[in-house]
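Visitor: okay, here's the prediction I keep looking at, along with the sequence it came from:
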Amino acid sequence: MTFLRNFSKLAKPFNRTYCSVRTPMITPIWWTGKYPMEESKFIIDCSRYYLHNSEFPKELVEQVTKTFNSFGLVKLTNTKLIDLNKMQFYANQILGGHMKYNGGANSREAIGKNIYDTGAPREAHLHYHHEMAYIGKSVKSIAFCCSKATTNKGFMYVSENIGVTNDILKTDVGRKLKERGICYVRCLTDREYCKTLPKGWNGLDEFGIYNHWQRSFGVETPQEVEKLAKERGLVVEWGENRYCKTKYYADAFEYHPQTGVNHLYSSVADDSIWFDTWPGVKDLPTLSFFNSTNMYERPLKITYGDDTELTREELIDFVSAYDNHGLPIKWGVGDILAVCNYRWAHGRPSYTLEDNEERELGVSLGPEYTRIGSKW
């Protein structure tokens, strides 16, 4: 199935009445209290090993490899590591390599060599998602390394995707996603234009609504944006004041060659409701038109691949499918979690910290691959 479209014509504008389907806020519950998999199957206690010499003990390598290949999930605890760069070294060995962040996605600040921050404020809840599912080049896996942690706060959640996929296909939204695919719309402001605006023009930080295209793509010219966008299967449209809009039509599912299974590979995290609890952006209206150049609107939007809207009931079913297969990840300093990006989605609720509390996770992206879509 192909989801490419004739982009010589702009898509028709949305009816503004659609905004009502996204209010009131659709809040994820993250998990039902029932573990989709026993923690003992993917957690490995490393207290008996010395991991400061940059080499995995052979016995541990075998255990980690077997666990990750079997379940697509492995967590190393009691590593006695506190440095993110050292943790990232071991994470990359589990992932089988790493992809350098090179634009077109949610901007991330480097906090180590090829290790990045999570790119989101703690006040915001982050819906379940598969990393970089909204561009043509995604990642096979992703790792999280914890250098600062607070007991019983800041949990992350992962969702077992075979169960999610089976459940979503029983719903109208799942059947439509299978038939029609999905379209991702992302809007980015121009850094230079925003410098000319009054300070605090939108009540947000220096990066505008969400992200300047210079920061997102890591380049300085529209020509460079278009080159990178083409490599990632994105179509670019430019509005007034170099307002950048990218669109990506894709299969909502992805075939995993290692296991020979189709997985749901999309979520509401790439819609405007991603920002429902995001400071500043939550107060902006959702994106109303593909043709809009209004920088006072939220920058993300999803539709079906034929540009039709999801109903509120379909959005709720989309969220619930992941919630019903969630599993909590509790953090301790030195923990390393490796996640297969096909077999698991990840997300987290908002959290608060006291003055004496800290939480820091570094993100390491696994090997890049070109999406092929599903094989039914």
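Guide: All right, it came through fine. Numbers count the residues shown, from 1 in each chain.

Visitor: and the residue of the chain most remote from its centre, what's its pLDDT?
Guide: Most distant from the centre of the chain: Arg48, at 33.9 Å, with distances by CA atoms, centre = their mean. Per-residue confidence (pLDDT) for Arg48: 95.

Visitor: what does Leu81 give?
Guide: 95.

Visitor: surely it and Gly332 touch.
Guide: No - Leu81 is beyond contact range of Gly332, at 10.9 Å (criterion: CB atoms under 8 Å). Just so you know, the C-beta spots here come from the backbone N, C-alpha and C atoms, and that holds for glycine as well.

Visitor: those two: who's more crowded?
Guide: Leu81 (23 against 12; other CB atoms under 10 Å).

Visitor: look up phi and psi at that one.
Guide: The phi/psi pair for Leu81 (degrees, to the nearest 10) reads phi -90, psi 140.

Visitor: where does it sit relative to Gln88, distance-wise?
Guide: 10 Å (CB to CB, to the nearest Å).

Visitor: likewise for Asp167?
Guide: Distance from Asp167 to Gln88, by CB to CB: 34 Å.

Visitor: any weak-confidence spans in this structure?
Guide: 1-20, 98-119, 199-210, 287-296 (pLDDT under 70).

Visitor: could you check how many residues crowd around Val21?
Guide: 17.

Visitor: ok, and the closest non-adjacent residue to it?
Guide: Arg312 (3.9 Å; CB to CB, 6 or more residues apart in numbering).

Visitor: show me where the stretch 151-300 of the chain has its helices.
Guide: Using DSSP state H, counting those that start in this stretch, the helices of the stretch 151-300 of the chain run over residues 161-168, 172-180, 191-194, 213-217, 222-231.

Visitor: list the helices and strands the last one packs on?
Guide: Pointing back at helix 222-231 there. Counting contacts by 3 or more CB pairs under 8 Å, 6 or more residues apart in numbering; DSSP states H and E, helix 222-231 packs against helix 213-217, strand 235-238, strand 244-250.

Visitor: distance to Ala149 and mean neighbour count for the ones you listed - can I get that in a markdown table?
Guide: As requested, these are exported to a markdown table (distance: least, CB to CB, whole Å; neighbours: other CB atoms under 10 Å):
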| stretch | distance to Ala149 | mean neighbour count |
| --- | --- | --- |
| helix 213-217 | 28 | 25 |
| strand 235-238 | 40 | 16 |
| strand 244-250 | 35 | 23 |
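
Visitor: any idea how far Leu234 is from Thr246?
Guide: 4 Å.

Visitor: same deal with Tyr128?
Guide: From Tyr128 to Thr246 the distance is 22 Å (CB to CB).

Visitor: thinking again about what came up before, more neighbours, Asp167 and Gln88?
Guide: Set Asp167 next to Gln88 and count neighbours by other CB under 10 Å: Gln88 wins out with 25 against 17.
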